[in-house]
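K.L.:
based on what follows, work out the 3D shape:
(2 chains)
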Amino acid sequence: MKNRRIAYFFFAIWVIALASTPWLANNYIVKIATFLAMYAAIALSWNFIGGFAGYPSFATGAFIGLGAYSGALLQNTGWFAPLAWGAAMVIVVVFAALVGKVILKMKGHYFAIGSIALVEVLSHGASSWSRLTGGGEGLNVAIMAGGPDFIGKVFLFTMIVIMLMAFIATVIVDKSRLGFGLRCIQQNEDAADMLGVNVMRYKLLAFILSGVFCGGIGAAYASWVAYISPGDSFSILVTLKAAVMVLLGGAGTVFGPLIGSAVFVIFEELIWSKFLDYHQGILGLVVVLLIFFLPNGLLKIKWSR
Amino acid sequence: MIYTQVLANGLMLGAIYACIAVGFSLVWGVLSVINLMHGAFIVLGGYLAFFSWLHLGLNPFLMIIPVALVLFALGYGIQRYAINEVVSKPVLITLTVTFGLEMILYNAMNLAFSATPRRIVLDLGVVDFGGAMLPLDRIAAMILALALTGLLYLILRTSKVGRAIVAVRMDRDAATLMGIEYKKIYATTFGLGAFMAGACGAIVAVVFPISTSLSGLLLGKAFVICVIGGLGTVPGALVGGLALGIIESFAGHWLGSQNAILIGFLLMLVLLVVRPTGIIGKKGYE
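P.N.:
So this is what the prediction gives:
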């Protein structure tokens, strides 16, 4: 428990450090801080279904895209931006609840494929339904007033707030019956079912939790970049990055997703700027090496021998 | 008749689809690995055929087997020295490994070949078949795709290696007790999957422009076909491929081609929920 307290302390310092970047550093660093908070929230979200419950979900890409389009469309009809982001979260929760009931009946490979199909269906749907979504040409979102410095702060704090919400949810789930039940499902779903865990309800809750914050992230991201398109919004790559971040830090842990996402984002940022042509290949190499040499994540390395 | 034409287009597309999916289905069925590199393998096969046509003037149809053998070696090596290490881990791990490898291959191909779409132009002429205009290069592609699918079926049914693959799929431990080295069989299976992808790539290059961005699209098709037809069998991939080809052709005709892909994925989602074993639903690789 003492370790846990130290970890909370470091997390608090980390949050303060991220939040103070607008006063200490230039806009580039603020942008990276925003990405750090954003990916931390996405990784924490994925951890509910992929880490605690052990379900290889790709639906994260669908949640982010749906959030982005819901938020953007609402904002374009004149909604106040934060209200549109909140509404996007609600829409994603409803979507996750409806779809989750159906696709959580599948397991293993079929679930993975089913959730990939979900992303594809939404992505192609957004391209086809061009009267509403602007189709493949994408959708412009009104740029927020107030100048780049102000906007930078708004989105940094929005992402930090969403990250904190996801983190608090993680801490609560970790200590509650839900977290215990999900870990049982991860280890042996049939046994958990037999021993009285309401498997479907628990999985559905984890699935919804993995969606709700992503909905907010997607909507806020759409307002931030002021332009979205189906290919970028409904991205399988983002989901896979989330999974890799969680695996990097330690799946099913509270702090693993935070550490994994921070290491990943900083590492990616360093590669991006130096090796533009090899960026994707190096990322792939990192992913492969991670699986082979660090299968349990950074948190589970035994430091002392 | 316009519908004869649409049906003929669907069948020609479907035969190629079957060939795209059959190797992917084999790997999934036997190794329980979702190989996200499959699309990139096909594209690599297409590039190899394209460059031997462009620079050496070789007919792409003659290059099918050599290209496929190169891909076999690549696939065998990847499975033997990389994926075998994690093959019994959960889905997410194997999926992530193939994804990482795909990123490397994709990046390497983009650097080596650039992202410009390239197509082999054979121009063999057109035949009129009961009112449907059929380009001869497409007919040849269809026949070869079906022949290759048949070849894989024969290998699995009659050859010693094929029987060993089926045995490992049915019960790995029992097969090991019978003296089969499952790690080698896994590598051979993955190699065969890549072999089919490479062969298919040479065929695809005659019909569609090849570019690295095609790999994701082809992979998506393989998913859909496997789910429609049923996983892990050659007839399943054949039925799924032909079905998807015909469905896409008619959906494209009636609803516009941008909706055709959507229909395929929707059908897949519905089938996953309603009938996850596919149209030809049975377990086991004959």
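K.L.:
surely B:Val127 is in a helix?
P.N.:
No: using DSSP: H, G, I helix; E, B strand; the rest coil, the assignment for B:Val127 is strand, not a helix.
K.L.:
residues touching it, list them.
P.N.:
B:133-134, B:136, B:139 (CB atoms under 8 Å, 6 or more residues apart in numbering or on different chains). All C-beta atoms are positioned from the backbone trio N, CA, C, and that covers glycine.
K.L.:
what bridges to it?
P.N.:
Taking DSSP bridges as the rule, B:Val127 bridges to B:Leu134.
K.L.:
show the pLDDT at it.
P.N.:
Predicted confidence (pLDDT) for B:Val127: 78.
K.L.:
low pLDDT regions in the chain?
P.N.:
The chain I'm using is chain A. Residue ranges of chain A with pLDDT under 70: A:1-2, A:300-305.
K.L.:
think we crossed wires, I meant chain B
P.N.:
Where chain B drops to pLDDT under 70, the residues are B:1, B:276-286.
K.L.:
now the helices for it?
P.N.:
If DSSP state H is used as the criterion, the helices of chain B fall at B:2-31, B:38-56, B:60-81, B:91-113, B:136-158, B:160-170, B:172-177, B:182-207, B:214-229, B:234-255, B:257-274.
K.L.:
quick check: phi and psi on A:Gly297?
P.N.:
A:Gly297 adopts backbone torsions of phi 90, psi 170, taken as degrees, to the nearest 10.
K.L.:
separation between it and A:Cys214?
P.N.:
Remark: distance between A:Gly297 and A:Cys214 (CB to CB, to the nearest Å) = 21 Å.
K.L.:
now do the buried residues in stretch B:165-179.
P.N.:
For stretch B:165-179, a neighbour-count test (16 or more other CB atoms under 10 Å in any protein chain shown) marks B:165-169, B:172, B:175 as buried.
K.L.:
against chain A, which of those make the cut? List them.
P.N.:
By CB under 8 Å from any CB of the partner chain, no member of the buried residues of stretch B:165-179 lies near chain A.
K.L.:
hang on, the earlier thing: are any of the contacts of B:Val127 buried, and which?
P.N.:
Buried by 16+ other CB under 10 Å: B:134, B:139, out of those.
K.L.:
make TSV from the contacts of B:Val127 and add distance to B:Leu262 to it.
P.N.:
Formatted as TSV, the contacts of B:Val127 follow (distance: CB to CB, whole Å):
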residue	distance to B:Leu262
B:Met133	27
B:Leu134	27
B:Leu136	32
B:Ile139	29
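K.L.:
A:Ile185: which of the contacts of B:Val127 is nearest?
P.N.:
B:Ile139 (51.9 Å; CB to CB).
K.L.:
the closest one touches B:Met12, doesn't it?
P.N.:
Yes: contact criterion CB atoms under 8 Å: B:Ile139 and B:Met12 qualify, at 7.1 Å.
K.L.:
what sits against the one residue in the stretch 101-250 of chain A that gets nearest to chain B?
P.N.:
Sorted by distance to chain B under CB to the nearest CB, the residues of the stretch 101-250 of chain A start with A:His124, at 3.9 Å. Contacts for A:His124 (CB under 8 Å, 6+ apart) come out as A:230, B:258-259, B:261-262, B:265.
K.L.:
now the strand or helix carrying it against helix B:234-255, angle please.
P.N.:
Assigned by DSSP states H and E, A:His124 belongs to helix A:108-128. Relative orientation of helix A:108-128 versus helix B:234-255 (axes from the mean of the first three to the mean of the last three CA atoms, to 10 degrees): 20 degrees.
K.L.:
then helix A:108-128 to CSV, C-alphas only?
P.N.:
Taking C-alpha atoms only, helix A:108-128 is exported to CSV below (Å, rounded to 0.1, in the frame of the first residue of the first chain):
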residue,chain,number,x,y,z
GLY,A,108,-11.2,-14.6,-28.9
HIS,A,109,-10.5,-14.3,-32.6
TYR,A,110,-14.1,-13.8,-33.5
PHE,A,111,-14.5,-10.9,-31.0
ALA,A,112,-11.3,-9.3,-32.4
ILE,A,113,-12.6,-9.6,-36.0
GLY,A,114,-16.0,-8.4,-35.0
SER,A,115,-14.7,-5.3,-33.3
ILE,A,116,-12.5,-4.6,-36.3
ALA,A,117,-15.6,-4.9,-38.6
LEU,A,118,-17.4,-2.4,-36.3
VAL,A,119,-14.7,0.2,-37.0
GLU,A,120,-14.8,-0.6,-40.8
VAL,A,121,-18.6,-0.4,-40.9
LEU,A,122,-18.7,3.0,-39.2
SER,A,123,-15.8,4.3,-41.3
HIS,A,124,-17.4,3.2,-44.6
GLY,A,125,-20.8,4.5,-43.3
ALA,A,126,-19.3,7.9,-42.6
SER,A,127,-17.8,7.9,-46.2
SER,A,128,-21.1,6.9,-47.8
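K.L.:
buried ones in it?
P.N.:
Buried, per 16+ other CB under 10 Å, within helix A:108-128: A:109-128.
K.L.:
cool, thanks, talk later.
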